[in-house]
Every structure is written in structure tokens, then in C-alpha cells.
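Asker: Model the following, please.
(one chain, ligands or ions: 2)
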Amino acid sequence: MTLRYLGQSSFQAEFGGKHLVFDPMIKANELARDIDIDTIKADYVLLSHGHSDHVEDAEHIAKNNNATLISNFEIVSWYQDRGLKGHPMNLGGKFSFDFGTVKYVNAIHSSMLPDGSYGGASGGFVIWNNEKRFYFAGDTALTMDLKLIPMTCPKLDFAILPIGDNFTMGYDDAVLAAEFIQCDKIIACHFDTFGYIKIDHEAAKAAFKKEGKELIILSVGESIQL
Ligand code: NI
Ligand code: MN
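Answerer: Ligands and ions are numbered 1, 2, ... in the order given. Here you go, the predicted model:
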């Protein structure tokens, strides 16, 4: 599969023959100024929670592509009222889509929609098909609930974890999170976009390497094959 980093926690994936977009916040991100959101293809837009640094461009991209939103019930309902298509889920539930299975799993974080509406609980997504299995954590603290993922989902090939600290776990806690989810290949998100979450890339990579794990820090706009 192909995964492209769009800055902050925004990713674009080609997976199971579909285009998936995660937590899009591109136009408002100075680090992502070279990305034209009108070129982004999406069959589905997955939103971990309602904070603006995760949903800012969701409506634009979904409308451009007639895409289906996947998120919690509160967020999907809010977007359905604005004319978008959506598939509501809630924590602990999984569903088989045409690209693979999605399980919406616990995050420890807050959530609120851009107009102040209640955003439900924050979550993350474990996604799998015959090709690959991965976890997109969204914003979360380190939590013991992460240990449920390897108990309830197929063995992960990689995971996308926040490492920027202050609003989410930092990279030191993310090393433990990788242990909890039994995954050695981690892709970084939620770092460097604003002052509170600027990190030392080399120190973050070294913290993972010390525990025999790999931290991949992509440049904004960079793609990798997984
Ligand atoms: Ni957040
Ligand atoms: Mn965030």
C-alpha cells in the first residue's frame, strides 16, 4: 500500500483499491503549503475526533470527491447535517467496508467540533484487509487500552502514533505505546506543526531504536510504500 504524509495528523492512503484520507488539516498548516487539497482523491475520509487540526479540510475534500466520512456518531451526524455522506461508528465497534475492516478504538483525549458542538469521544482506527494491517491512533495519551489492540485485531504491520507531546503522548510514551500494541514500525504524526509540539527528530528516533523499534518521520508531502 502507499501512504502519503500531508502534515500534522493528515495522511492519504491507497488501500484495498480505495483512496482513504485521515484527519485532513492542510490549508491552515504552513508546513503543508505546497499541497493543493483540490488534487487529493478520497473515497473515504476518516476522522479520529472533532478538533480543527484534524477536521479543518474534511468538508472540502469530502465534497470535492463525494466521499463518505467515517467517524463517531456525533461527528458523522454533524457533517450529515451539512450535506455530507457518512458512516457512523462508536468505540469498540468494527465494520467491513469495501476496502477492509475498520475498528474504531479508544483514545484518551477530548473532542469538540469547530463550532463548539459536542464531538463525542475521541478514537483511533485499526484497519485491515488481506494486504496490510495498521493502526491510526489519532490524538491519544498512552493508555492501557492500547493493550487490547493485539488481543482483538490482527497483528499490525505498522502504526501511526502521535509523538509531539503537550496535547498527546510524547515520543517517550509512544515507545511504550508501540510495545503495548506489539508493533515495531511506527510512523510519526502530530509534531512540529506549532510551537508546543516541536520535537527533536534525532532524539525521537533514538528512543525507538534503543528498544529495537523503528520510528519513521516523513517529510510533509512524502510517500512511502508499506
Ligand atoms: Ni485533538
Ligand atoms: Mn490534535
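Asker: What's the separation between T168 and A107?
Answerer: T168 is 9 Å from A107, where distance means CB to CB, to the nearest Å. Bear in mind the C-beta positions are built from the backbone N, C-alpha and C, glycine included.
Asker: now do S52
Answerer: Taken as CB to CB, the span from S52 to A107 is 17 Å.
Asker: and if you look at F191?
Answerer: On the measure of CB to CB, F191 and A107 end up 17 Å apart.
Asker: Which of these two has more residues huddled nearby?
Answerer: A107 (25 against 22; other CB atoms under 10 Å).
Asker: Model confidence score at the more buried one, please.
Answerer: Residue-level confidence at A107 comes out at 98, pLDDT.
Asker: which residues does it contact?
Answerer: Taking CB atoms under 8 Å, 6 or more residues apart in numbering, we find A107 in contact with 48-49, 121-124, 137-141, 143.
Asker: Of those residues, select the buried ones using a ChimeraX command.
Answerer: A single ChimeraX command is used to select the members of the contacts of A107 judged buried by 16 or more other CB atoms under 10 Å:
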select :48,49,121,122,123,124,137,138,139,140,141,143
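Asker: where along the chain do the helices fall?
Answerer: 52-55, 58-65, 73-80, 148-152, 171-180, 201-210 (DSSP state H).
Asker: Switch the ones you listed over to TSV; also include distance to ligand 2.
Answerer: Shown next, in TSV, are the helices of the chain (distance: least, CB to the ion, whole Å):
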stretch	distance to ligand 2
helix 52-55	4
helix 58-65	14
helix 73-80	14
helix 148-152	20
helix 171-180	14
helix 201-210	17
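Asker: is it possible to export those to a markdown table including distance to P88 and mean pLDDT?
Answerer: What follows is the helices of the chain, written out as a markdown table (distance: least, CB to CB, whole Å; pLDDT from 0 to 100):
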| stretch | distance to P88 | mean pLDDT |
| --- | --- | --- |
| helix 52-55 | 15 | 98 |
| helix 58-65 | 14 | 98 |
| helix 73-80 | 4 | 98 |
| helix 148-152 | 20 | 98 |
| helix 171-180 | 27 | 98 |
| helix 201-210 | 35 | 98 |
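Asker: What's the separation between I127 and ligand 2?
Answerer: 19 Å (CB to the ion, to the nearest Å).
Asker: Right, I'll call it a day here.
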